[in-house]
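> build me a structure from this.
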Amino acid sequence: MHAKGKLDKRKVLLMDPIVLAFIGDAVYSLFVREKFALSSDFKSGKLSEMSASVVSAKAQARFVDEHPEIFTEEEGDVFRRARNAKKPSRAKHSTVSEYNKSTGFEAVLGYLYLTGDEERLDELLALADE
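Numbers count the residues shown, from 1 in each chain. The predicted structure is shown next:
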């Protein structure tokens, strides 16, 4: 899934956690959209509606709540940094807590993507897909 190759972990850990979440949001959105597009013959409007319900802050926060020990120590640090970071926007269809947890989850995905840890990324995506 990673096109550019693996980046140094130390460099990625120094990145703004909101930027990691920005990347992770795209990774998760693509994963969900691809899954729905390849497993159904719905038109794009329906696919968009279906993916929006899965990629929502509420759904991501619920996943994090249901799997409290899911992250490694390093991933947990990334998650907490992003969860606690000042956000450039506000939660629209979720609580602040849900929005913060979803930002943390997305940051972990962004971290794994940028460091090229495809095995772990696939593991988390598969678990989130259950």
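
> show the contacting residues for residue 117.
With contacts defined as Cβ atoms under 8 Å, 6 or more residues apart in numbering, residue 117 has no neighbours. Every C-beta, even on glycine, is put in place using the N, C-alpha and C of the backbone.

> can you list contacts of the helix or strand bottoming out on mean pLDDT in the chain?
Using mean pLDDT, DSSP states H and E, helix 44-54 stands out as the lowest-scoring helix or strand of the chain, at a mean of 79. With contact meaning Cβ under 8 Å, 6+ apart, helix 44-54 is reached by 29, 32, 33, 36, 37, 40, 42, 59.

> CA-only coordinates of it in CSV, if you can.
Output in CSV follows, covering the C-alpha atoms of helix 44-54 (Å, rounded to 0.1, in the frame of the first residue of the first chain):
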residue,chain,number,x,y,z
SER,A,44,-21.0,6.0,-6.0
GLY,A,45,-23.6,7.9,-4.0
LYS,A,46,-24.5,4.8,-2.0
LEU,A,47,-20.8,3.8,-1.7
SER,A,48,-20.0,7.2,-0.3
GLU,A,49,-22.9,7.0,2.2
MET,A,50,-21.8,3.5,3.3
SER,A,51,-18.1,4.5,3.7
ALA,A,52,-19.0,7.7,5.6
SER,A,53,-20.7,5.6,8.3
VAL,A,54,-17.6,3.5,8.8
